[in-house]
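[1] Show me how the following folds:
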Amino acid sequence: MKRSTRWIRLALALLGAVLLGDTVALMGMGLFSLGITLPGCIGIAFLLLALCWDSVERWRKADRRRQWLWRAGWIAFAAWLVTVGVFIYGIRSGMGVSVPAGTAVKAIVILGSGTPNCEASPTLIARLDQGLALARRWPEAKVVVSGGQDFGLRCVEADIMAEYLVARGIASDSVIREGRSTSTEENLVFSRRLLEGQGVDAAGAIVVVTSDFHVRRAVGIARKAGYNEAFGVGAGTPLYLRFNAWLREYFAAISGWVLGEY
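    So this is what the prediction gives:
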């Protein structure tokens, strides 16, 4: 075996093990999304390729078209990685800005992020803590906690979010629970209807609290949903989940653009 081939197989095996291990660890925490499962699928593919390298080599060298297909596949994969890198660079520059001083904020909308095992995840806690700080800054503002029922769970995310805030001093009558939504678009559309029912005009200043990587898309969706003056404030994403969350957002942004959500 050539030394270069040996190094390629070793690199594929190591990278595959890391990607698969990342997926297994996060799924063991009850987390599940395309940004988590896709790295695992890529990891399995790399591990299989490292294991069956000789067989694949014989297969592709047996026909010129197969060699072309092999090269085209790797070029396409590399091009896709470049688009992911460009996207991540873009969202890093739009992870939220400070709300201008003197802004009369009418409502704070905190977006849910899933409640594995019916408990607030570190990502959700970061959003809630950010929303808590803003609620103390604007004590007259209504606080909407928006999140429905996760697949396979009986709990409603909005209830868990509301209980977290009330336990930390936010008046229960200032918290509005939106517990039907299953997407960012529904988060904001349903929250707007509840706010209007409470006499809060969507034309006023609204702060949308979400994770840092999600701010740009969330604000775009909020404006499409009728919030005339929407500000996005981002909460930090835990390091162990950050790259998976960014990858998930890549696909969510494409999906949202295709569906016209923003």
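[2] mind listing the strands for the stretch 1-150 of the chain?
    Counting by DSSP state E, counting those that start in this stretch, the stretch 1-150 of the chain has strands at residues 105-111, 142-146.
[3] The longest helix seen in the chain - contacts with which helices or strands?
    Ranked by number of residues, the top helix in the chain under DSSP state H is helix 64-92. On a contact count with 3 or more C-beta pairs under 8 Å, 6 or more residues apart in numbering; DSSP states H and E, helix 64-92 meets helix 53-61, helix 239-259. Using the backbone N, CA and C atoms, a C-beta is placed for each residue, glycine as well.
[4] Off-centre distance for the first one?
    Helix 53-61 has its average C-alpha position 38 Å from the chain's average C-alpha position, going by C-alpha atoms, centre = their mean, to the nearest Å.
[5] now swap in stretch 109-125 and tell me
    Counting by C-alpha atoms, centre = their mean, stretch 109-125 comes out at 12 Å from the chain centroid.
[6] do the same with stretch 47-66
    Here stretch 47-66 is found 36 Å from its chain centre; the criterion is C-alpha atoms, centre = their mean.
[7] what about it, start to end distance?
    End-to-end span of stretch 47-66 (C-alpha to C-alpha, to the nearest Å): 21 Å.
[8] what's in contact with it?
    Stretch 47-66 has contacts (C-beta atoms under 8 Å, 6 or more residues apart in numbering) with 5, 8-10, 12-13, 16-17, 20, 67, 69-70.
[9] Name the residues linked to the residue lying closest to residue 131 once chain neighbours are set aside by a beta bridge.
    Distance criterion C-beta to C-beta, 6 or more residues apart in numbering; nearest residue to residue 131, sequence neighbours excluded, is residue 110 at 4.0 Å. Assessed by DSSP bridges, residue 110 has beta-bridge partners residue 145, residue 209.
[10] Pull the number of nearby residues for residue 110.
    Here the number of neighbours of residue 110 (other C-beta atoms under 10 Å) works out to 33.
[11] now the one 4 residues further on
    Burial of residue 114 is recorded as 17 neighbouring residues (other C-beta under 10 Å).
[12] and it, how far is that from residue 122?
    The spacing between residue 114 and residue 122, counted by C-beta to C-beta, to the nearest Å, is 11 Å.
[13] ditto for residue 105
    26 Å.
[14] average model confidence for the longest helix of the chain?
    For helix 64-92, mean pLDDT is 93.
[15] centre of the chain versus it, how much separation?
    On C-alpha atoms, centre = their mean, the centre of helix 64-92 falls 22 Å from the chain's centre.
[16] Tell me the buried residues in that helix?
    Buried residues in helix 64-92, defined by neighbour count with 16 or more other C-beta atoms under 10 Å: 87-88, 91.
[17] Run through the stretch 101-250 of the chain and note the low-pLDDT ranges.
    Judged by pLDDT under 70, the stretch 101-250 of the chain has no weakly predicted residues.
[18] Mind jotting down where the helices sit in it?
    122-137, 157-166, 184-197, 215-224, 239-259 (DSSP state H, counting those that start in this stretch).
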